[in-house]
Every structure is written in structure tokens, then in C-alpha cells.
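Visitor: need coordinates for the following:
(chains A and B)
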There are 2 protein chains.
Amino acid sequence: MTKQLDAVLARIDADIDNSVGRLFDFLRIQSISTDPAYAKHCRAAAEFVAKDLTSLGFDATIRPTGGHPIVVAKSAEGSGPRVLFYGHYDVQPVDPLVLWETPPFEPRLSQTPDGRKCIVARGACDDKGQIMTFIEACRAYKTVTGKLPLPITLMIEGEEECGSAHLFGFVKDNAAELKQDLALICDTSMWDPATPMVTTSIRGLVYEQVNVTCADRDLHSGLFGGGAQNPIRVLSKVLNAMWDDNGRVTIPHFYDGVKELPESVKADLKSLNLTPEDFLGPVGLKVPAGEKDRMLIEQISTRPTAEINGIMGGYTGEGAKTVIPGKAMAKVSFRLVDDQDPEKIRTEFHKFVRARLPADCTVEFGNFGSAPAFSLSFDRPELGKALGALKDEWGKKAIPVGEGGSIPIVSDFKRILGMDTIMVGFALDDDRVHSPNEKFDMTSFHKGTRSWARILDAMSA
Amino acid sequence: MTKQLDAVLARIDADIDNSVGRLFDFLRIQSISTDPAYAKHCRAAAEFVAKDLTSLGFDATIRPTGGHPIVVAKSAEGSGPRVLFYGHYDVQPVDPLVLWETPPFEPRLSQTPDGRKCIVARGACDDKGQIMTFIEACRAYKTVTGKLPLPITLMIEGEEECGSAHLFGFVKDNAAELKQDLALICDTSMWDPATPMVTTSIRGLVYEQVNVTCADRDLHSGLFGGGAQNPIRVLSKVLNAMWDDNGRVTIPHFYDGVKELPESVKADLKSLNLTPEDFLGPVGLKVPAGEKDRMLIEQISTRPTAEINGIMGGYTGEGAKTVIPGKAMAKVSFRLVDDQDPEKIRTEFHKFVRARLPADCTVEFGNFGSAPAFSLSFDRPELGKALGALKDEWGKKAIPVGEGGSIPIVSDFKRILGMDTIMVGFALDDDRVHSPNEKFDMTSFHKGTRSWARILDAMSA
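Guide: Residues are numbered from 1 along each chain as shown, chains lettered A, B, ... in the order given. Model prediction:
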């Protein structure tokens, strides 16, 4: 810990009401990116961010894209690893408006049913509240010490909620400028309101459509039933064969490149004690469906999966129709981890399906995307510093956890810039992100700001 | 053979042009039953039939129903088993009209590409042409001998092409009048243009919908993938388990009540030499999909089957969506034979599905109908007489074959009246039944009429 950290933290505490006021100003901007009618509000949000960062000494510019602009702000002050902070100023649409207790762009302080103080507005958490924790930490540093602790570049985009269509090209076109030693993102959540978390990996994805054709037309089961192959039966056979009785995926070479977690990380994950009751209970389930010899937390975050996302064939209307369809379709996706090779898995999956196809049936595959997994090396020193800083702030050990879903920008940073990402966020499960009455806990905002101050301090040391 | 049969056959030959003329008059009536606009034409067709049968000495009446009327005609002349002949005067709609080479209700003589003379019109085969083979046989008999050979009742309905909604009730309400020793139907086909066939069994049906629910909502596979059960996966497991590697249905007690065919019938079926090339080739298939130790002809006619008629779950639109659905649905049907009990099979199927369900998933079943199979005893004497008569007419052994589909009226006759049915028909595979340019071979019409004369003669002896 550097000697000025105490003063920075004290400044954050003293200035918290003003911090909330600035966040409120940001939240009043109706920066809904998916609706063209709100383009000028998105522009206003970009200007708000650029102006605020300029006031902190950043060289901030608003860069045009084919869509909403991207704010890039640079500072070379301080010493230590050069970091790129990524976030987004755009928000989700607000409909159904009728479900909001107060207007979505009129931020207000409120309380959760169990008495936690919170900020309610569209974007309160995702991602305006979260990025302001980082910016407020920078502000306190600048105020107390006269400069920022590290060389920091911020890239705040305006299309995250509608697909980030122009971000990939922007990163590619500005690779030299954006490539830093490490990326930081504040758009993830805590484990629970008391337990900080660092997201250290994200799963990759392979998404395939499988179209099976048997007869060249639909057949009547009275005439052909028993004699003609049925593509739904073929699909059932193929799909059922994808897992063994222990929930392990049976496609050859599927697990090539999957690493075992370090024992210490396994112990950390175990300490979270994620129970089926807690995780599956709220959606009406109770039996973990993944590999039987893995903890539930591993199944959903650090282990690869196969999933059937859709299936259709034959008659699906009301009542009965005795058809044997000519075609049937399934959508299958794989979540990948570590060094699993998406293209190799795609190829093996194709072979797996073809090997189970009757001789008179054919299959066509549709490729709907693939992305490799990203995982941060557990021995990267900045990770240890972030975990330590979070423990100091929250008084509880911070846990490195894998994210089950995909965050394309993190893969892009790795692929295009060769840059690792550390994801630290303060969202909570009850934040109603993307839903009416979105909120951000005051504790998340305040201690989140203090957390970033500690993390930046630790990294600069 | 009775002594007058030769004279009756000669009369049929001499009168064939007039027979065609009468069929043409019948075919000109636009008796499309499904379209209310054609109600008066249906009435006209009923009147045509009643008038013609009255002229042959039948006591013919047109009976009202909730829909189109039913013609019932009775004659007590002759001796031997009392038979009920069932047929229908209504026809399918004619659209798309543009595909007809000539107007559908202007019957004409034409030739098939390989030179067979035929009658072209809507209903030429189904069922006006077929029922007229029976009526013309009666006419020749009456003309030559002065009376009909057997006590005959005809029931000619007008709603077969739109579901026979009022037939079941009519049969039930008039059971005493309609119950005879045996029913005859002329609405089936020959094996091929040279080989006559008697349809001796029809498969029954059990139709079930299976709704599997796992989570109480759709889940995101990034968050829940690997941890949450997927109802499509559950369905795949259940459906795939329905067959063993030899294509045999694995549901316990499924084959209870299934009889082995007599060796002589097996030999007859084998002599038909139905090849996968002939049967499956035209629809783009080549590998029989049923029980591996059964002939293809058995698979599609005399063996019970399980079939998946439809399936749907999750995302089925264009492209990718990484959803884990909460629900998925499949439609499953079983074709039954012999003494299989529909309700027992339904119950066993429910148990089979429930036994494969994860503990946190539920299933609901929808019942979309069931009907037992019907099969004529192979030692019923009228069957032997019909087979013999057909062999005499066509110069080739007639084969008793099972119909793969269901013919509800045959089940109704058995259930309501305790009456067996012999089905003899002269349709051919290229008759374009229900399609534009429907036709009936002149040979089918002429030799079909002669066949009925021989059958009635044999039964009366």
C-alpha cells in the first residue's frame, strides 16, 4: 500500500454525495443505443464522459464510428503497468415502461426490501454506475495526489447493448494506440453482497445448426411407418449420444486443451459453497446436470459444455398428424474453456454426427459462430494484487471465478492486441439489469470506488 | 362357380361401354364434401346412387345426418352370407385447378404414358369408380339372373373425404339394420397392375404428446450451461431409448398381443418381393428402418411401430440463440396390430418416459386418440373365396396384405357391430388420388367389376 492511499480513500468517503450527483447527471442521459431515435442522447453521453475525463487531465476524444461514437481518453501520468479500461455509456431500452415505479431516466435513491440503500435508474448498474466507480477512483487520486497512479487509457463505447457492431473494427484499426499491458473491465458482478470476485476466464463458443434429411418429402406414417427412416429419430440418437451417463461429453477430443484448476483455486471455489438449492432452486430445478464428478460452480464456469439450444421437426401444431417428416433440425452449441480449439471441435462434431447417420440420410451443418475461450494465467501478478486489494476493502477473501458466458471484447483484446483482461465488478444478482427498476447498491458504488482506488494503488506499487 | 357366372361375366363385357357411361354421369356431379358451397351437389350424388340402386331392386333411402346424407339400400334376394358394402360418393376438392389438363368434372378417356387406357376425373378412382365396380357387378347379376346373388345392404356416405363426422353416430344409431355377416369395402388398391390384393388387417393407433418441463423459464446458456437440465436433452434420451439396435421397440409389454403370421401368409408376402429400391427409392431412401429381422413388407403392414411425428423446443429461428429452454415437446404415435391394447400401451409409454426423467423435471401427456387394430382371421371362409375369385379373374395369386394406416370405419364395424370387413380394391399407385388428373385404369374398372361378380358368386355358393 502506498502512503497516499489512506488519503485517497478518505477523499472518496468525503466526496461520496458529489460522486452520486455526477452519476445522477450521467443517468439522466437517455442513451438507448439500439433505437435510432436516441442517437443524439448517445452522443450526449459520449460528450459527458469525454468532458468529465478531460477535467481529470485525460486527453479525451470522441471518435466517430459507423454507429455511435467511442470515447478514448489517455493519460501517461504515474508509473506501473499501462492499463486500458473498457466500459460502455449506452443502456438498454426501458420498455415496458409501465413496470417502472418512477421514470427510468430520473435517478433516485431508494431501498431494497431488506434495507440496502440503492440508486434506481436505467443504467444505474449496467454500465454507468460501474464505470463511474473507476472514474471516481481516478478523480479522488487526482485530487489528493495531483496525478493518476498509472498510465491509463479509457475506451468507452456506445453500442454494447446492441451488439458492439463497430468495436471490433475500431480496436483493429487503432491497435497500436489501444494495446496496453493489461485491460480492466468493470461490467461483472460480485459473488454475493459480501464477497468480491474477479472474473478470470470466459468460456468460448461453437454454435452449429444440424439439418438432417431422410426422405425427400414428408411421408404418411400409415403408409411408410416402420419402413422409412425418421430424421427426428436420427437426431435423437445423435443428440443423446453426446453425453455419457456421467454427464461427460463423448465427442472425441472434446476435452483436448482443457486444464485442471490449481488446487488452491478449487479450494477457493469450494469455499463459495454454491448449492443446487441456491443456484438452481430459483428457476425450479434442483439436480446439477453437468459432469457428476465436478462441483456445480465448475460445471457452470470452468468446464466446457454441450447444449441443445433448439430442435424442430415434423408436425408441431395442435392435435395429431401422423407424418414422418423428411427433415429435422437442431441447434447445438458448445461452451469452451482454456485451449479448446473451436475449429477442431466443430470438425469432430461433424464427424460424430456423420458416424451416427443411417446410410440413406444426409446432414448439412450451419455455422453460427465460434470464439475461443479466454483465461487469465493464475500467476499473473496483477491478479494477485487485485485479489489482495479487494480483500483489504471488503474484509473477505476475493475469489477468482470463471464466467460461463462469452464476453466478445475480452476475446478480441486477446486475439487482436495480445492483451489479457482482469474483470472486476460490483453488480449484484438483484440489480434487475436490462429490466424495469434497474438499481445499483450504494455499497457497490461506494466500496466499488474504494476498491478501484486500492487496485490501482496496488498495481502502481 | 355357379353355372350362371359365365353369363354374368359375358354380360359385363358386353355392357362395358354403358357401364363407363353411367360412371361418367356419376363423375359429372361435383360432390366435394368439405366445401359447404357444394352441398347441393353432394345431395345430387346421393340421389344418383339411390336412384340407380332402386332400379336394381334395392330398397334405397337417403338418410339425413348432421352433414351430407347417407344412402342405405337393402335387398334380401339371393342366399348366402348377408353382406354390407360400404363406400362414399363424395370427392376431394380439385385445387389447384390450374394443374388439371381438362376440367375435373368432365370425365374423359385417356391413356397413361405406357399405354394403359384410363378414365380421368375427380373421383374416377376414389371412390366413385371403385364403388361402381360393385354396383355394375350387381347390375349384371340382376340382368342375367333376375336377382342379386346374396342379401346385400349398401351404405354409401358423403363425408369420407372430410372426416366422416356423422358416420360413427349413424352406424351406432342404426346398428340393428346395418349389422350383417360381413362388410365389404372397395376403396383400397391392388399390389401392382397385375397382382390383386385383399386387405386383411389395418393397424391401430395410439397418439401421444409429451411435454417436458425442466426449469420454470428459459435460461441463458452462458449463465446456466452445464448446470441446468435441458428438456430437449431429456426428450432425446427418452425418444432414443424407444428402439434397440435391431429396430425393436423397447417399451415393456409393447409386443403383448402381437401374433406371428401363418407361414403360408409369410410366404405369400415374401413372394411379392417388395424391395427397398421399389418402395423406399421413390422417396429418396434405401435402408428399411424397422425391425431388422422382418421383411420390409412386414415392417410397413403387419408389425407394430413407434414413430416420432413432431418435436419442438428452444430457439428455432434463423441464426444463433444460446438459450436453454424451459420446455420441449414431442408428438409420438404407435401403429398397433392384432390384439395390442391401446390403453395398456399408453400406460406403459407414460411409465417408460417417467422412468427416464431427471428428478427435477416434469412431464405432461396429451392424448390425441387411440384405436385398436383390426385383423381378419385368416381362416374365415369368405376370405378364401375372395382370394380364389380374384385369382380366377386376374390369373395370378391374390395376396392378403395388411394396411399400414388406419381406416376408422373398419374399426367401427368391428367395435360397434362386431362385424369383420374384407377390403378388395383396384386402385393403382399412379392413380393420383386426391391430386390433379386423378384417373382409374379401364382394366381396374372392367376387371374390377368382373372380380366382384366372381366374389359374390363364390360367396353365394
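Visitor: give me phi/psi at the residue nearest in space to the middle of chain A?
Guide: Computing the C-alpha centroid of chain A and ranking residues by CA atoms, centre = their mean puts A:Ile407 first, at 4.4 Å. Listed backbone geometry of A:Ile407 is phi -120, psi 100, with angles given as degrees, to the nearest 10.
Visitor: so what's it closest to, chain neighbours aside?
Guide: What sits nearest to A:Ile407 in space, not counting adjacent residues and going by CB to CB, 6 or more residues apart in numbering or on different chains, is A:Ile202, at 5.0 Å. Just so you know, the C-beta spots here come from the backbone N, C-alpha and C atoms, and that holds for glycine as well.
Visitor: how many residues are close by that neighbour?
Guide: Taking other CB atoms under 10 Å in any protein chain shown as the criterion, the count of residues near A:Ile202 is 31.
Visitor: check the one 3 residues further on too.
Guide: Other residues near A:Leu205 come to 25 when the count uses other CB under 10 Å.
Visitor: would you mind listing what in the stretch 51-200 of chain A touches chain B?
Guide: Along the stretch 51-200 of chain A, not a single residue is adjacent to chain B under the rule CB under 8 Å from any CB of the partner chain.
Visitor: helices of the stretch 51-200 of chain A, start to end?
Guide: Shown for the stretch 51-200 of chain A, the helices assigned by DSSP state H, counting those that start in this stretch span residues A:128-145, A:167-173, A:175-178.
Visitor: out of those helices, flag the one nearest A:Lys439.
Guide: helix A:128-145 (8.9 Å; CB to CB).
Visitor: now do the closest one: which elements does it pack against?
Guide: In terms of contacts (3 or more CB pairs under 8 Å, 6 or more residues apart in numbering or on different chains; DSSP states H and E), helix A:128-145 is packed against helix A:5-14, helix A:16-27, strand A:83-88, strand A:152-157, helix A:442-460.
Visitor: ok, A:Asp430 to A:Asp192 distance?
Guide: Taken as CB to CB, to the nearest Å, the spacing of A:Asp430 relative to A:Asp192 amounts to 10 Å.
Visitor: span of stretch A:139-156 from start to end?
Guide: Taking CA to CA, to the nearest Å, the first and last residues of stretch A:139-156 lie 17 Å apart.
Visitor: sorry, wrong one. I was asking about stretch A:397-416.
Guide: Calculated as CA to CA, the first-to-last residue distance of stretch A:397-416 is 33 Å.
Visitor: on the three-state scheme, A:Asn246 is what?
Guide: Put simply, A:Asn246 is coil when judged by DSSP: H, G, I helix; E, B strand; the rest coil.
Visitor: test my guess that it contacts A:Glu291.
Guide: Yes. Counting by CB atoms under 8 Å, A:Asn246 touches A:Glu291, with 6.3 Å between them.
Visitor: looking at the two, which has the bigger crowd around it?
Guide: Using other CB under 10 Å as the criterion, A:Asn246 and A:Glu291 rank with A:Glu291 on top: 19 against 10.
Visitor: quick one: low-confidence ranges for the stretch 201-350 of chain A?
Guide: Applying pLDDT under 70 to the stretch 201-350 of chain A picks out no residues at all.
Visitor: need the strands for it, in chain order.
Guide: A:204-213, A:219-220, A:305-314, A:323-324, A:327-336 (DSSP state E, counting those that start in this stretch).
Visitor: for these, which one sits closest to chain B?
Guide: Among the strands of the stretch 201-350 of chain A, strand A:305-314 comes nearest to chain B, with 3.6 Å by CB to the nearest CB.
Visitor: what strands line up against that closest one, and which way round?
Guide: Sheet pairing for strand A:305-314, assigned by DSSP bridges, gives strand A:327-336 (antiparallel), strand B:305-314 (antiparallel).
Visitor: tell me which of those lies nearest to B:Phe440.
Guide: Closest among those, once you apply CB to CB, is strand B:305-314, at 30.6 Å.
Visitor: quick one, that closest one and strand B:204-213 angle?
Guide: Here strand B:305-314 runs at 30 degrees with respect to strand B:204-213, directions being taken by axes from the mean of the first three to the mean of the last three CA atoms, to 10 degrees.
Visitor: can I get strand B:305-314 as PDB, trimmed to CA atoms?
Guide: What follows is strand B:305-314, C-alpha atoms only, in PDB (Å, rounded to 0.1, in the frame of the first residue of the first chain):
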ATOM      1  CA  THR B 305     -44.300 -49.300 -35.000                       C
ATOM      2  CA  ALA B 306     -43.300 -46.300 -32.900                       C
ATOM      3  CA  GLU B 307     -42.900 -43.000 -34.600                       C
ATOM      4  CA  ILE B 308     -41.900 -39.500 -33.700                       C
ATOM      5  CA  ASN B 309     -44.300 -37.300 -35.600                       C
ATOM      6  CA  GLY B 310     -43.100 -34.000 -34.300                       C
ATOM      7  CA  ILE B 311     -40.700 -32.200 -32.000                       C
ATOM      8  CA  MET B 312     -40.100 -28.700 -30.900                       C
ATOM      9  CA  GLY B 313     -38.100 -26.900 -28.300                       C
ATOM     10  CA  GLY B 314     -35.900 -23.900 -27.700                       C
END
